[in-house]
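Asks: build the 3D model from these lines:
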Amino acid sequence: MGAGRRREPSASVLGRYIQPCDPTEVDSPPDGADWIHEIKWDGYRAQVHIQGPRIIIFSRKGFDWTREFRVVCEGAATLAVKNAVLDGEVVAIGKGGKPDFQELRRGLGKRSAPFRYYAFDLLVLNGEDLRERPLLERKRRLRLLLYEASETLVYVEHMKGDSRRIVHHACELGLEGIVSKEADSPYRSGRRESWRKSKCERTENFPIVAFVEKLGARPRRIASLYIGRRQGDRLVYAGKVPSGYSLPVAREVREALDPYIQTRSPLTTPVRKPKATWVQPVIDAEVAYSSVTAQGLVREAAFKGLRDDLVRTGRRALRMVSPRRVAEARDVVPKENILQLLPDAVAPTEAQLNAYWEKVAKRALVHLGNRPLKLVRRVGDTIFYHKGPLPPIPRSVHRLTVAKREGGKGVRVWVDDLAGLHGLVEMGAVELHPWNAIVDDTEHADRLVFDLDPGVGVEWPFVIDTALELRRLLEEEGFATWPKVTGGKGLHIMAPLRDAISHDEAHRYSRALAERLAATDRGRYTVSASMAQRPGRLFIDYLRNGRGTTAAGAWSPRVRPGFPIAAPVTWRRVEAGIAPDAFTLASPFRAKRRAGR
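Replies: Numbers count the residues shown, from 1 in each chain. Model (predicted):
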């Protein structure tokens, strides 16, 4: 890019969460003329997107927290800009003029909250993408932008000089520490060495795995917490947090954890804790500690606060959990919502699902995005195909009103970004089954789906041979096909249509093709959904084609042991004998191979 050339932001930047630049934690701050230093404020990281009159504020995990930070939203509305994206920290100023983390949590959503938005970076301004510009240039333009702004918006000044003296003074003032940044660095998403944080005390966010209740307390409250630490796909015990709770905080934490109580330990390797009340590990606590033992346990741990902005269910705020939400968490599912109960199904936790979607979202949205979705939901221990009225729909999830086949109107949900996938997890969705149509044209199919579903006694090599024969047949018809392992027993053969056709046409055409293939060996194939016809035969399921009929989408998790996923694969892998459950939630990109081909 030549000097002075204007870089226009892509359409996906404005109004869409940008993965933030995160500093690497260091024991000692860097020194030298190439570094600047800023105060590290103890609050919630937040990204402010301004698009004319529309303002969205994203939390650290990309959830829409505009309502929680309404004070900041009102302040941002006073800026005279066409569009802008700011990065900063929402802080509550308490008594003595110092940040108060508990006051920050209590003020969420309140117009009178004593919030300030400490802005330290500017990513977009009036149509120009600034992320490739040097940091000092971005800060200069940010300063000018905020020069006459509302007092709610505060420009974060920077310092130069002796970094150790700067962090020492910050600690003496009771602040959290400093962030040192390379003065000419561009803005890069993810953990970066060009930004480094030096903290006054050692703190970290840990998932809460259990609490110990104060016996006999009315109202109820906690006495201590047990925390875990994530190591890849494992959740290991990280110790006890016995102190740091005021009476109001102990009560607040108890109520926040209540909807997530479960009977079993969520730890990969359980530990014996007779007094523990186990919970789903979806809420993080910020914990200060002196050191870590050789066994990985924190020493002299003290509770600092709940991290609402890191809630792994994607919920907007812990304190806003509704009675209906609590009822759902306790396995109460209205019968009218159950299309089909799945009594033998198992599902990953919300934390596992959210972590998975963060890994695969970009690839998955190619197949799942912008299509109406049928959902398999998990409510407590109940797993089922959903029908009828939906639970509360997060703002990150879009809704679409469609005409129902039986008459009347219904609502379907769809997503187009990672925040939407997190929102579906919040609704309890595990499996996603997309329509064969896009939301802009729900009445026409844009692809055909064939599900090769082996009955009892059908060996896998025969399924592979059938898939290759179906590919040949479809190629003769002019289709460019691609295969998908289902995460279940069979294979899906996907055939995109050059021109969309009606769903009835898609149904008739796919049936004719399925019957042509079945006619080659009536003893081994069936096109009937009757279970009596299935033993010893391969069901060529064309019934996935039709208005509102669906199949498990590419990259969707499946509610089966081991948490397999439905994954698109190459024909070369099919020819090599790829297993239908070759990819899992824990390993979405590396396949296991099925023996015997």
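
Asks: number of residues surrounding Gly548?
Replies: 16 (other CB atoms under 10 Å). All C-beta spots, glycine's among them, are computed from the backbone N, C-alpha and C.

Asks: am I right that it is in a strand?
Replies: No: if the criterion is DSSP: H, G, I helix; E, B strand; the rest coil, then Gly548 is coil and not within a strand.

Asks: just checking, it touches Ala437?
Replies: No: counting by CB atoms under 8 Å, Gly548 does not reach Ala437; the two are 9.2 Å apart.

Asks: name the residues contacting each of those two.
Replies: Pro372, His503 (CB atoms under 8 Å, 6 or more residues apart in numbering).

Asks: could you pull up the contacting residues of the residue nearest to Ala403 when sequence neighbours are not counted?
Replies: Leaving out its chain neighbours, the residue that sits closest to Ala403 by CB to CB, 6 or more residues apart in numbering is Lys409, at 6.3 Å. Contact analysis of Lys409 by CB under 8 Å, 6+ apart lists Thr401, Val402, Ala403.

Asks: ramachandran angles for Val360?
Replies: phi -110, psi 0 (degrees, to the nearest 10).

Asks: repeat for the one 3 residues further on
Replies: Note on Arg363: its backbone torsions stand at phi -70, psi -40 [degrees, to the nearest 10].

Asks: who are the contact partners of it?
Replies: Arg363 touches Trp555, counting by CB under 8 Å, 6+ apart.

Asks: do the same with Gly548
Replies: Gly548 neighbours (CB under 8 Å, 6+ apart): Pro372, Lys374, Arg405, Trp435, His503.

Asks: hey, where'd the strands end up in the stretch 251-400 of the chain?
Replies: Taking DSSP state E, counting those that start in this stretch to define them, one finds strands in the stretch 251-400 of the chain at 277-278, 284-288, 291-292, 298-299, 302-306, 338-341, 373-379, 382-386, 398-403.

Asks: minimum distance to Asp451: which of those strands has it?
Replies: Closest to Asp451 of these is strand 373-379 (CB to CB; 14.6 Å).

Asks: thinking again about what came up before, comparing the strands of the stretch 251-400 of the chain, which gets the lowest mean pLDDT score?
Replies: Lowest mean pLDDT within these: strand 291-292, at a mean of 75.

Asks: low-confidence ranges in the chain?
Replies: By pLDDT under 70, the weakly predicted segments of the chain are 1-13, 96, 308-332, 405-407, 592-597.

Asks: who's Ala119 bridged to?
Replies: Gly88, Tyr155 (DSSP bridges).

Asks: quick check: it vs Arg141, distance?
Replies: Counting by CB to CB, to the nearest Å, the gap from Ala119 to Arg141 is 11 Å.

Asks: again, but for Leu432
Replies: Applying CB to CB to Leu432 and Arg141 gives a distance of 41 Å.

Asks: which one's more surrounded, the two?
Replies: Leu432 (25 against 17).

Asks: how many neighbours does the residue nearest to that one when sequence neighbours are not counted have?
Replies: Using CB to CB, 6+ apart and skipping the chain neighbours, the partner closest in space to Leu432 is Ser556 (4.5 Å). Using other CB under 10 Å, Ser556 has 24 neighbouring residues.

Asks: got it, and Val527?
Replies: 17.

Asks: could you verify my assumption that it touches Leu538?
Replies: No: between Val527 and Leu538 no contact is recorded; they are 10.2 Å apart, counting by CB under 8 Å.

Asks: quick revisit: in CSV, list the contacts of Gly548 along with neighbour count and distance to Glu575.
Replies: Shown next, in CSV, are the contacts of Gly548 (neighbours: other CB atoms under 10 Å; distance: CB to CB, whole Å):
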residue, neighbour count, distance to Glu575
Pro372, 23, 34
Lys374, 22, 31
Arg405, 10, 39
Trp435, 25, 30
His503, 20, 32
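
Asks: among the residues you listed, which are in helices?
Replies: His503 (DSSP state H).

Asks: what is the most widely separated pair among the contacts of Gly548?
Replies: So for these, where distance means CB to CB, the most widely separated pair is Lys374 and His503, at 14.4 Å.

Asks: and the helices in the protein, which stretches?
Replies: 70-76, 101-106, 135-145, 163-172, 247-257, 323-329, 350-368, 418-426, 460-476, 503-518, 571-575.

Asks: could you pull up phi and psi at Val156?
Replies: phi -90, psi 110.

Asks: who's Ile36 bridged to?
Replies: Lys181.

Asks: report the contact partners of it.
Replies: Applying CB under 8 Å, 6+ apart, the residues near Ile36 are Leu135, Leu136, His158, Met159, Lys160, Ser180, Lys181, Ala183.

Asks: could you redo those as JSON lines and give each row distance to Val81 and neighbour count?
Replies: Listed next are the contacts of Ile36 as JSON lines, based on distance: CB to CB, whole Å; neighbours: other CB atoms under 10 Å:
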{"residue": "Leu135", "distance to Val81": "20", "neighbour count": "22"}
{"residue": "Leu136", "distance to Val81": "20", "neighbour count": "15"}
{"residue": "His158", "distance to Val81": "22", "neighbour count": "19"}
{"residue": "Met159", "distance to Val81": "27", "neighbour count": "17"}
{"residue": "Lys160", "distance to Val81": "29", "neighbour count": "13"}
{"residue": "Ser180", "distance to Val81": "29", "neighbour count": "26"}
{"residue": "Lys181", "distance to Val81": "24", "neighbour count": "26"}
{"residue": "Ala183", "distance to Val81": "25", "neighbour count": "17"}
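
Asks: just send those residues back as JSON lines, with distance to Trp357 too.
Replies: Below are these laid out as JSON lines (distance: CB to CB, whole Å):
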{"residue": "Leu135", "distance to Trp357": "31"}
{"residue": "Leu136", "distance to Trp357": "36"}
{"residue": "His158", "distance to Trp357": "36"}
{"residue": "Met159", "distance to Trp357": "39"}
{"residue": "Lys160", "distance to Trp357": "41"}
{"residue": "Ser180", "distance to Trp357": "33"}
{"residue": "Lys181", "distance to Trp357": "30"}
{"residue": "Ala183", "distance to Trp357": "36"}
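
Asks: who wins for neighbours among the contacts of Lys409?
Replies: Of the contacts of Lys409, with other CB under 10 Å as the count, Val402 tops at 16 neighbours.

Asks: quick one, what contacts it?
Replies: By CB under 8 Å, 6+ apart, Val402 lies in contact with Pro372, Lys409, Gly410, Val411, Arg412, Thr442.

Asks: those residues in strands, which ones?
Replies: Lys409, Gly410, Val411, Arg412 (DSSP state E).

Asks: quick check, nearest of these to Ile18?
Replies: For the ones in strands among the contacts of Val402, the nearest to Ile18 is Arg412 (28.5 Å; CB to CB).

Asks: surely the closest one is in contact with His398?
Replies: No: checked against CB under 8 Å, the pair Arg412 and His398 is beyond contact range at 9.4 Å.

Asks: now the common contact residues for the two.
Replies: With CB under 8 Å, 6+ apart, Arg412 and His398 have no common neighbours.

Asks: quick one on the thing from earlier: okay, the contacts of Val402 in CSV with distance to Ala586 next?
Replies: Formatted as CSV, the contacts of Val402 follow (distance: CB to CB, whole Å):
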residue, distance to Ala586
Pro372, 29
Lys409, 40
Gly410, 35
Val411, 33
Arg412, 30
Thr442, 35
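
Asks: contact partners for Gly553?
Replies: By CB under 8 Å, 6+ apart, the residues touching Gly553 are Ala364, His367, Leu368, Arg371, Leu373, Leu432, His433, Pro434, Ala566.

Asks: how about those residues in CSV, adding distance to Glu475?
Replies: Converted to CSV, those look like this (distance: CB to CB, whole Å):
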residue, distance to Glu475
Ala364, 27
His367, 21
Leu368, 26
Arg371, 25
Leu373, 30
Leu432, 29
His433, 27
Pro434, 24
Ala566, 23
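
Asks: so which of those is the closest to Tyr44?
Replies: Nearest to Tyr44 among the contacts of Gly553, with distances taken as CB to CB, is Ala364, at 27.7 Å.

Asks: who's in contact with that closest one?
Replies: Per CB under 8 Å, 6+ apart, neighbours of Ala364: Trp357, Leu421, Gly553, Ala554, Trp555, Ser556.
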